[in-house]
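*Asks:* Model the following, please.
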Amino acid sequence: MPSTAARIPVTVIGGYLGAGKTTLINHLLAGGHGRRLAVLVNDFGAIDIDAKLIAAHDGDTISLANGCVCCTIADALGDALDKVLAMPAAPDQIVIEASGVANPAKIAMYGQGWPGLRLDGIVTVVDGESVRARADDKFVAATVRQQLAAADLLVLHKTDLLAEEQQTAVRHWLRQQAPGTRLLAASFGDLQAAVLLGQGSFSSRQYDDLAAHDIYRTASFQFSGPFDRECLAARIKAWPAGVLRAKGLVYLDDDPGHAHILQLVGRRYSLEQGPAWNGETPASRIVVIGTDPDIDPKWLRGSLLQNRQ
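*Replies:* A predicted model of the protein is given here:
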């Protein structure tokens, strides 16, 4: 199996019917994020792609001028994934739109087990107006609650339709339903790709486009000493809920010959062996994105080096 660094990350976007998944996907397809996305959807008819963006349309594949492609899943997700993996130019990331009545955790199993892929995370989109009622509906409650439980990131959508006190109440309810899951609010699908999908580099410069969005904070960290694997995991898991994403290369004391690739998406944390240092001086480099106002380089360094001599 290819190394973690070589495998293509897969993000699953789930949520009940009408939550706004398609709006979010349209925003990603049209975005100037510089990443070649392969977006797998259930039906082209629901994806209103601007005709000016379309470079080619061949059967079940639409190619966009920005390098992204949009494919229909048709009857078999596995076949659609194989088709994407066989493309002459591999995408930087695959985004799978789950059907409105699907459990995204089951779809995410493809990202975990399919050759050449790795699961980046599950994003569940929530209709702020209707989610509580649907979660109590005897016909659809089980589906809605499965979708909430599966999420690494929850997107509280359509906040423009909620009064401040309503939004506060829904946030509180969501935190009760999915304890520990990161929560982000949005309207009209307007979320930055760096938050939803991460970035391909470990440099904080990749996140400069977030500076125009006051709610986001970024911080980067470099350290030349080795980390203990278990201590590092405990410190990262103690970060506040406002930390949405982190990634980086880590120098570990139990495997000093290899860099290890750190990925944090919401509450999903992984640390896997990456390439050998090959003469490069080992050093950890970590970048964090979030909404917590305390996120800055001093906080990040302190959170990772606490009690360290």
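*Asks:* list the contacts for residue 223?
*Replies:* 251, 283-284, 301, 304-305 (Cβ atoms under 8 Å, 6 or more residues apart in numbering). Quick note: C-beta positions are derived from backbone N, CA and C, even for glycine.
*Asks:* Let's see that with 6 Å instead.
*Replies:* Residues near residue 223 by Cβ atoms under 6 Å, 6 or more residues apart in numbering: residue 284.
*Asks:* Let me see the confidence value for it.
*Replies:* With respect to pLDDT, residue 223 scores 93.
*Asks:* Output the below-cut-off pLDDT ranges for this protein.
*Replies:* Residue ranges of the chain with pLDDT under 70: 1-5, 32, 42-70, 72-75, 198-215, 307-309.
*Asks:* which stretches of this structure form strands?
*Replies:* 8-14, 37-41, 54-58, 61-64, 69-72, 93-97, 117-127, 153-157, 182-185, 217-223, 243-251, 258-265, 268-276, 284-290 (DSSP state E).
*Asks:* Can you list the strands that the last one pairs with?
*Replies:* Partner strands for strand 284-290, per DSSP bridges, with pairing direction: strand 217-223 (antiparallel), strand 243-251 (antiparallel).
*Asks:* And for the second one?
*Replies:* For strand 37-41, the paired strands and their directions (DSSP bridges) read strand 69-72 (parallel), strand 93-97 (parallel).
*Asks:* And for the first one?
*Replies:* For strand 8-14, the paired strands and their directions (DSSP bridges) are strand 93-97 (parallel), strand 117-127 (parallel).
*Asks:* who wins for proximity to residue 245 among those strands?
*Replies:* With Cβ to Cβ as the measure, strand 117-127 is the member of the strands paired with strand 8-14 nearest residue 245 (8.6 Å).
*Asks:* What are the contacting residues of that closest one?
*Replies:* With Cβ under 6 Å, 6+ apart as the test, strand 117-127 has contacts from 7-15, 18-21, 104, 108, 111-112, 147, 150-158, 265, 268.
*Asks:* Kindly report the same for stretch 156-163.
*Replies:* With Cβ under 6 Å, 6+ apart as the test, stretch 156-163 has contacts from 19-20, 125-129, 167, 185-187.
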